[in-house]
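A.B. asks: I need the structure of the sequence given here:
(one chain, ligands or ions: 2)
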Amino acid sequence: MQDTRPRRSALYMPGSNSRALEKGKTLPVDTLIFDLEDSVADEVKEKARDQVVETIRKRGFGHREVVMRVNAARTAFFEEDMTAAVAARPDAVLLSKVESTAEIYAAERHLRGRPETQGISLWAMVETARGLIDIDEIAASVKKPEGHRLRGLVLGTNDIIRETRVKPGPDRLPVLAWVSRAVLAARASGLFILDGVYNEFTDLEGFEAECAQGRAFGIDGKTVIHPCQVEIANRLYGPSPEEIADAKAVIAAFEKPENHDKGVLALNGRMIERMHIEMAKRTLDIAGQIRAQSMTPEPAPI
Ligand SMILES: CC(C)(COP(=O)(O)OP(=O)(O)OC[C@H]1O[C@@H](n2cnc3c(N)ncnc32)[C@H](O)[C@@H]1OP(=O)(O)O)[C@@H](O)C(=O)NCCC(=O)NCCSC(=O)C[C@H](O)C(=O)O
Ligand SMILES: [Mg+2]
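C.D. replies: Numbers count the residues shown, from 1 in each chain. Ligands and ions are numbered 1, 2, ... in the order given. Presented below is the predicted three-dimensional model:
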């Protein structure tokens with residue numbers, strides 16, 4: 001079954017920043033990422049972990065999806081981070097700097113066989129040279145008989161830039177081939193994929209252009225670092241009024257009695273085929289979920 005949950009904006013919040021953790025609950029984001037990794041200094045990892053568990057366990061996130069980003073499986077923090085994730089029970093655990101399928105299984109082992117973790121999925125950061133080279137194998141492992149609960153990929157463009165030493169300008173030309181490679185790997189294995197962050201959070205024009213580019217490259221949503229980026233990511237990654245109207249027109253055209261046995265039609269000067277019905281239904285499904293989200297009452301402050 002296709003996962004069409006809207007993830008237009010996924011906000012990182014440093015696990016050590018209690019103000020940000022509370023503020024996230026009030027923002028119109030689709031996803032909240034409680035970070036235990038790079039935004040948290042080693043000296044305060046433990047305190048941040050405890051704070052994140054306490055905040056998640058209190059719930060009160062309304063429609064927002066709750067994700068905990070843990071330190072990489074190769075670090076000394078990983079085991080305790082995963083134990084904390086089991087205690088907190090977020091919707092998903094985001095694994096950092098994933099370079100092999102073995103790291104997915106290392107996380108899976110913490111969750112497997114525990115009924116209380118049934119609803120927790122795994123997401124993987126794609127942010128190292130090795131991870132990018134092997135991304136197809138990592139993503140495709142979801143289909144192996146022993147299976148695991150990997151459901152999505154998240155690009156870590158800061159780490160990709162750090163490790164490869166490329167110098168991307170505003171058009172991100174040096175990283176686009178890798179972005180496309182990750183999109184292909186995600187799609188071939190039925191995973192969603194989110195774009196990396198835009199560091200210059202006061203440059204909203206540049207941020208909007210990068211969202212438009214990511215969407216054109218097939219990405220599902222944007223990871224964001226500041227509240228001022230949320231509205232733009234939501235707008236750019238959500239179906240526009242024009243896209244919704246077009247989706248309805250495609251479905252209506254094929255529903256006309258005179259077209260019931262047709263495989264191809266002309267609509268406003270362009271060819272549409274039955275595969276476009278599937279695309280249209282996906283657009284309307286996402287739009288419906290976004291509408292429902294906006295009508296979900298916000299939980300009362302605790
Ligand atoms: C980037 C920041 C350090 C900027 O902080 P600051 O200058 O303090 O922000 P403001 O004063 O403008 O904040 C205004 C209000 O907004 C709240 N706020 C700010 N950021 C967040 C946030 N991320 N979540 C929730 N709320 C936030 C402030 O509390 C203010 O609220 P109020 O008190 O009501 O006025 C800061 O934005 C920040 O820390 N951002 C997140 C950084 C982060 O998590 N980085 C790690 C993830 S990115 C990464 O690692 C990507 C990947 O791995 C890769 O490799 O690419
Ligand atoms: Mg990173």
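
A.B. asks: who touches the closest residue in space to residue 129 that isn't next to it in sequence in this structure?
C.D. replies: Distance criterion CB to CB, 6 or more residues apart in numbering; nearest residue to residue 129, sequence neighbours excluded, is residue 163 at 5.4 Å. Backbone N, C-alpha and C define where each C-beta goes, glycine included. Contacts of residue 163 were listed using CB atoms under 8 Å, 6 or more residues apart in numbering, and they are 127, 128, 129.

A.B. asks: Can you classify the residue lying farthest from the centre of the chain by secondary structure?
C.D. replies: Centroid-distance maximum for the chain: residue 258 at 41.2 Å, with CA atoms, centre = their mean. On the three-state scheme (DSSP: H, G, I helix; E, B strand; the rest coil), residue 258 is labelled helix.

A.B. asks: quick one: which helix or strand includes residue 66?
C.D. replies: Using DSSP states H and E, residue 66 sits in strand 65-70.

A.B. asks: then that strand to CSV, C-alphas only?
C.D. replies: Coordinates of each C-alpha in strand 65-70 appear next as CSV, following Å, rounded to 0.1, in the frame of the first residue of the first chain:
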residue,chain,number,x,y,z
GLU,A,65,4.1,12.9,13.2
VAL,A,66,6.7,12.4,15.8
VAL,A,67,10.2,11.2,15.0
MET,A,68,13.3,10.7,17.1
ARG,A,69,16.7,11.1,15.4
VAL,A,70,19.3,8.8,17.1
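
A.B. asks: Now do the buried residues in the helix or strand just after that strand.
C.D. replies: Once strand 65-70 ends, the next helix or strand along the chain (criterion: DSSP H and E) is helix 78-88. For helix 78-88, the neighbour count (16 or more other CB atoms under 10 Å) marks 78, 81, 82, 84, 85, 86, 88 as buried.

A.B. asks: I'd like to know how far the last one sits from residue 228.
C.D. replies: When you say that, I think you mean residue 88. 28 Å (CB to CB, to the nearest Å).

A.B. asks: Could you tell me which residues make contact with the one residue in the stretch 1-150 of the chain that gets nearest to ligand 2?
C.D. replies: Relative to ligand 2, the nearest point of the stretch 1-150 of the chain is residue 127 (4.7 Å; CB to the ion). The neighbours of residue 127, taking CB under 8 Å, 6+ apart as the test, are 96, 97, 155, 156, 157, 158, 159, 160, 163, 196.

A.B. asks: let's see 6 Å
C.D. replies: 97, 156, 159, 160 (CB atoms under 6 Å, 6 or more residues apart in numbering).

A.B. asks: just the residues you listed now: which is nearest residue 249?
C.D. replies: residue 156 (38.7 Å; CB to CB).

A.B. asks: Relative to residue 164, how far out is the nearest residue in space to that closest one that is not next to it in sequence?
C.D. replies: Once flanking residues are discounted, residue 156 sits nearest to residue 127: 2.6 Å by CB to CB, 6+ apart. For residue 127, the distance to residue 164 equals 10 Å [CB to CB].

A.B. asks: residues from the stretch 1-150 of the chain in reach of ligand 2?
C.D. replies: residue 127 (CB under 5 Å from the ion).
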